[in-house]
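**Q** next comes the sequence, and after it the predicted model I'd like to discuss.
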Amino acid sequence: MSELNATAELLELEKRGLQELQALTDEPALRAWHTKYFGDKGEMAGALRKVGTLPPTERKGYGQEANRIKQVLTDAYDQALAKAKENALLASLSESPLDVSLPGRPTRHGRVHIATRIMREIYGIFSDMGFQIHRTREVEDDLNNFEYLNMPPHHPARDMWDTFHTTTPGVLLRTHTSPGQIHVMREFCPQPIRAVLPGMCYRYEAITTRSEIQFQQVEGLVIGPNVTMADLKGTITAFARRLFGQERQIRIRSSYFPFTEPSIEVDIDWPKEDPNADRLTKGTGWLEIMGAGMVHPTVLRNGGYDPDQVSGFAFGMGPQRITMLKYAIDDIREFWKNDLRFLQQF
Ligand code: DAH
């Protein structure tokens, strides 16, 4: 074949390709066109294969022309495709118009659970006073939960804590965070201690609006030379005022816990302006927020300390109870129900 004929065929190909392309408006048809001209067995490939049939001197000119045409067809195809896509979009918009004035779908922001928030608030207050935070185990043994806390087997004070026992004798779910006192004492003895021990506790009790079988506690423990009841009082007052307000008063009543001597319970005054005040305080104006006391010498000894050298105070409170007071929540079961209507209020 001579170059003249071959080139004429190329030009013919260009013309045909462009003409066919012009008639097409939708994407599938355009893609079919592309396969016809640029597929592996397409027209362009066929034209390029002809180079081999030409005399060597003519190959270069033919090749250049073929490349030019390839470029022209490709550009035309790209344009036509872009146009077809745009038309399809415009058509779909006019068929089912977008109402840009419709309100968007609300995105819900996650938030920290109220129980976690109050814990963090409590940690913050005690950290400012130089306390460290320690976590100890929730599955405890009888020794730490009771015996080392000055409650030998059959001690009647054990009745204060209804206990979940496991099938392994002597292994139970901790009924309070107080066993953590023994763990930190044994870990840090003979150093002084200033720590809060937060965590979940479990009690085998009827679930009511005021008691749950699972709840958090925050235990406090301070041990060192010359730690006194005045330190306990000062610490608790500072804590209560940071949490509830600087003008609040606390009241201390004598009480009994096996692991402290003397033992106290701490009340906070409740503002008379609060319409719930009378109901909450049963007319007394005071609400209990924690148990506390000076660490019993036996407990100090069980932790490895010498009660003649050091003394200490401890306290334990239920942050759920405190949250209920702070936000006037009247049902403790709300804390673990995962009801968004409740959780989103905080
Ligand atoms: N563990 C006690 C309870 O669960 C609370 C408590 C009272 C903790 C006095 C203490 C304390 O550390 O000194 O009822």
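**A** The structure has been received and is ready for your questions.

**Q** please enumerate the helices of this protein.
**A** For the chain, the helices defined by DSSP state H cover 3-22, 27-38, 43-49, 56-95, 114-128, 142-145, 179-188, 229-244, 277-281, 297-302, 319-327, 340-343.

**Q** deepest in the core, which of those helices is it.
**A** Neighbour counts (mean count of other CB atoms under 10 Å) averaged over each of the helices of the chain peak at helix 179-188, with a mean of 21. Glycine gets a C-beta too; all of them are placed from N, C-alpha and C.

**Q** and that one, how far from the chain's centre?
**A** Its chain's C-alpha centre and that of helix 179-188 lie 29 Å apart, by CA atoms, centre = their mean, to the nearest Å.

**Q** what's the burial count for Gly104?
**A** Per other CB atoms under 10 Å, the neighbour tally for Gly104 reads 5.

**Q** skipping its backbone neighbours, what lies nearest the residue in the stretch 51-200 of the chain that the ligand sits nearest to in space?
**A** Closest contact between the stretch 51-200 of the chain and the ligand, by CB to the nearest ligand atom, is at His176 (3.2 Å). Distances taken as CB to CB, 6 or more residues apart in numbering place Cys201 nearest to His176, at 5.4 Å, with adjacent residues excluded.

**Q** buried set for stretch 259-267?
**A** For stretch 259-267, a neighbour-count test (16 or more other CB atoms under 10 Å) marks Phe259, Thr260, Ser263, Ile264, Glu265, Val266, Asp267 as buried.

**Q** may I have it as CSV, with CA atoms only?
**A** The C-alpha atoms that make up stretch 259-267 are tabulated as CSV, following Å, rounded to 0.1, in the frame of the first residue of the first chain:
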residue,chain,number,x,y,z
PHE,A,259,-11.7,0.4,110.0
THR,A,260,-11.7,3.9,111.5
GLU,A,261,-11.5,5.1,115.1
PRO,A,262,-13.0,7.6,115.7
SER,A,263,-15.5,7.3,112.9
ILE,A,264,-17.6,10.1,111.5
GLU,A,265,-20.3,10.9,109.0
VAL,A,266,-20.2,14.1,107.1
ASP,A,267,-23.2,16.2,106.2
